[in-house]
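Colleague: Sequence first, predicted coordinates after that:
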Amino acid sequence: MITNFGVTRKKALNLWLMKTGRKLIQHRDMNHDDFSFNNYECKWQQNSWGIHGDNWHTPHFCSLGEWASNVTDMLDDRRFDKFTFQDDKDKALLYRHYTRFMLVILEMINDFVDMLILVELSTASKTQRKNSLSSVIDVNELTNLINSLCKHKADKRDENHIHFHNHHLLLWFEDLGQQHPFKSPISRQKPIQVQPDGILIPSIVILTQLIIDGYETLDILFRDEPTKFSVFTAKYGAHYVG
């Protein structure tokens, strides 16, 4: 069965909008992410107003929210909808699109981890904090994959990066939903392979769900630890200027 990327993209976009409270509005001849008052960041901002006053602003929330709009933009990008996961030329172009998406996802994971560190102030390691973002995905291994696959490194001190073994490796997309043909692929489960025979591209739906899980992790922390939320917003917030 031929699988079009558009089916997967729409599934991920609908999941993203439904779970994060974001919505699309028309701007000129394209959709625009209406980043206002219905998503996690704006709800957190409003909660901080109840503690510190109506003109109190916590910049971490807006910075995270603005960056997350990149997820919306990429999931609403319809240019590749007719591409298939089976066509060789389509796969090469989709691989570049997924690479860009993974880099956006990586920065959001890093943001979540950094905020957990600032809020919780515990001795948990960065790896532990990454893996606390999801109960079903090994987030640390996923970030290792993105760092090795998407960030090109030529330093011989670390030969795990794709520069050292990208001998025209075959591609397989998890979103194809079929059994892959490889024996030792580079994947989110095992990003480091000595002699890889292919690359498994993580599902865009799973990547999207991971970021949703990260939001829920922070949201639960803020609700369960109101004192920590208050201290965090007081320490890093400030009154609006202008």
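Modeller: Here it is on my side, so go on.

Colleague: Nearest the middle, which residue of this structure would you pick?
Modeller: In the chain, the C-alpha nearest the mean C-alpha coordinate belongs to residue 105, at 2.5 Å (CA atoms, centre = their mean).

Colleague: which ones are touching it?
Modeller: When contacts are counted by CB atoms under 8 Å, 6 or more residues apart in numbering, residue 105 touches 71, 146, 207, 210-211. C-betas here are computed from N, CA, C, even on glycine.

Colleague: which parts of the longest helix seen in the chain are buried?
Modeller: The single longest helix within the chain, with elements called by DSSP state H, is helix 88-120. For helix 88-120, burial by neighbour count (16 or more other CB atoms under 10 Å) applies to 90-91, 94, 97-98, 101-102, 104-106, 108-109, 111-113, 115-116, 119.

Colleague: Following the helix or strand bottoming out on mean pLDDT in the chain in sequence, what is the next regular element?
Modeller: Every helix and strand of the chain was ranked by mean pLDDT, DSSP states H and E. The lowest is strand 30-33, at a mean of 84. Toward the C-terminus, strand 30-33 is succeeded by helix 40-52 as the next helix or strand (DSSP states H and E).

Colleague: Name the spans of the chain whose pLDDT lies under the cut-off.
Modeller: 1-2, 37, 155-159, 242 (pLDDT under 70).

Colleague: Phi and psi next, for the closest residue to residue 170 other than its chain neighbours.
Modeller: Excluding its sequence neighbours, the residue lying closest to residue 170 (CB to CB, 6 or more residues apart in numbering) is residue 198, at 4.5 Å. Per-residue torsions, residue 198: phi 180, psi 170 (degrees, to the nearest 10).

Colleague: In contact with residue 198, which residues?
Modeller: Counting by CB under 8 Å, 6+ apart, residue 198 makes contact with 169-172, 180-182, 184-186.

Colleague: Can you tell me which of these are buried?
Modeller: Using 16+ other CB under 10 Å as the threshold, 169, 171-172, 180, 182, 185-186 are the buried ones among the contacts of residue 198.

Colleague: Dump the residues you listed to CSV, plus distance to residue 6 and secondary structure.
Modeller: Output for the buried ones among the contacts of residue 198, formatted as CSV (distance: CB to CB, whole Å; DSSP: H, G, I helix; E, B strand; the rest coil):
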residue, distance to residue 6, secondary structure
169, 26, coil
171, 19, strand
172, 19, strand
180, 22, coil
182, 26, coil
185, 25, coil
186, 26, strand
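
Colleague: What is the nearest of those residues to residue 64?
Modeller: Nearest to residue 64, judged by CB to CB, of those is residue 186 at 29.2 Å.

Colleague: surely that closest one meets residue 196?
Modeller: Yes. Contact criterion CB atoms under 8 Å: residue 186 and residue 196 qualify, at 4.8 Å.

Colleague: Common neighbours of the two, please.
Modeller: residue 169.
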